[in-house]
Structure formats: structure tokens, C-alpha cells
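Colleague: Sequence and predicted structure below; questions after.
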Amino acid sequence: MRIADIAPDSGIFGQNLLAVQHAAYAVEAKIIEDDRIPALHETLEELCAERLTWLGAFDGDRLVGAVAWSETALMVDIDRLIVDPGAHRRGIGGALVREVMARAGERRIVVSTGRANVPARTLYERFGFGGAEDVEVIPGLWITRYAYPA
């Protein structure tokens with residue numbers, strides 16, 4: 001697996017990134033039993049318009065995962081972590097989180113995931129994220145916010 005900086009575009013790469021994103025969030029929607037996850041319904045135009053820094057994980061030339069974040073001088077906010085469902089349980093999500101943590105340096109890192117998304121929560125907790133706070137973002141849709149260091 002190779003991790004590299006990427007940038008979404010309106011071409012075939014952007015379409016591949018969007019397909020991985022939709023597939024990854026479809027899995028989360030099943031886990032949390034709610035399909036109102038905004039990134040699940042995002043269009044390619046909306047994805048390209050986001051002001052995020054991206055890393056992609058590649059198996060050969062095939063995109064198998066990605067992470068995107070926004071940042072300030074004091075904080076890194078992981079906006080999304082996606083892994084192709086066909087590549088689950090291969091350490092891709094963990095490798096992407098490690099790379100963001102390395103790039104963050106001493107800055108605080110925050111991330112949110114569906115409250116019922118036990119696999120994602122376990123991943124973040126394994127890396128030392130804590131200070132969990134549950135928030136109802138829209139009626140009936142709960143997320144858990146984490147921070148590192150806790």
C-alpha cells in the first residue's frame with residue numbers, strides 16, 4: 001500500500017474517489033441504521049468544492065481509501081476517513097490516521113463518527129483519541145466527537 005497526497009477533480013480520479021466515499025458511507029449507514037450522512041449523498045461537484053487536504057491509499061494504481069481534513073495553526077479536523085469495503089481489515093484506515101497524526105505534529109486533532117459506528121470508534125480509541133462527546137446533529141442522528149490528545 002502506498003499513501004500519497006491527492007486532490008479531487010472532476011475527471012475519472014474524482015469519480016473513483018466519490019465511488020469509494022459513497023461505498024464507505026453506505027457501510028456506515030447500515031451500521032448506524034441511518035442514511036442521512038451528508039457525505040453519502042455528496043455529488044462530485046460538492047466533493048471538489050470542499051476546502052480539504054486529502055491523502056489517498058493505493059493498492060497499485062487502485063484507490064482503496066482516503067482521509068481528508070481541514071487545519072489551522074492549532075488544530076487538525078479530520079473531516080472524513082473512507083476505506084473501500086472490499087479492502088476492509090487490511091490496516092488502511094489505521095495507516096491513514098497515523099499519517100494525519102504525523103502531519104499534525106503537536107496540534108490537537110478532532111474527529112467525529114456515527115455514535116453506533118463501533119468499528120470507527122474502536123479505531124480512533126486505539127490511537128488514543130478520547131474525550132468522547134455525543135451530539136445529536138439532526139433529530140435522531142447521533143455522532144460521537146473525539147479529540148487527540150483527549
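Modeller: Alright, I've got the coordinates.
Colleague: which outside residues touch the helix or strand of the chain with the lowest mean pLDDT?
Modeller: Within the chain, no helix or strand scores below strand 130-138, which has a mean of 92 by mean pLDDT, DSSP states H and E. The contact list for strand 130-138 (C-beta atoms under 8 Å, 6 or more residues apart in numbering) reads 36, 112, 115, 121, 142-150. Bear in mind the C-beta positions are built from the backbone N, C-alpha and C, glycine included.
Colleague: partners of that strand in the sheet?
Modeller: If you go by DSSP bridges, strand 130-138 pairs up with strand 141-148 (antiparallel).
Colleague: list the buried ones in the partner strand?
Modeller: 143-148 (16 or more other C-beta atoms under 10 Å).
Colleague: Alpha carbons of it, as PDB, please.
Modeller: Output in PDB follows, covering the C-alpha atoms of strand 141-148 (Å, rounded to 0.1, in the frame of the first residue of the first chain):
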ATOM      1  CA  LEU A 141     -28.800  11.200  14.100                       C
ATOM      2  CA  TRP A 142     -26.100  11.000  16.700                       C
ATOM      3  CA  ILE A 143     -22.400  11.400  16.300                       C
ATOM      4  CA  THR A 144     -19.500  11.000  18.700                       C
ATOM      5  CA  ARG A 145     -16.800  13.600  18.700                       C
ATOM      6  CA  TYR A 146     -13.200  12.700  19.700                       C
ATOM      7  CA  ALA A 147     -10.100  14.600  20.300                       C
ATOM      8  CA  TYR A 148      -6.400  13.800  20.500                       C
END
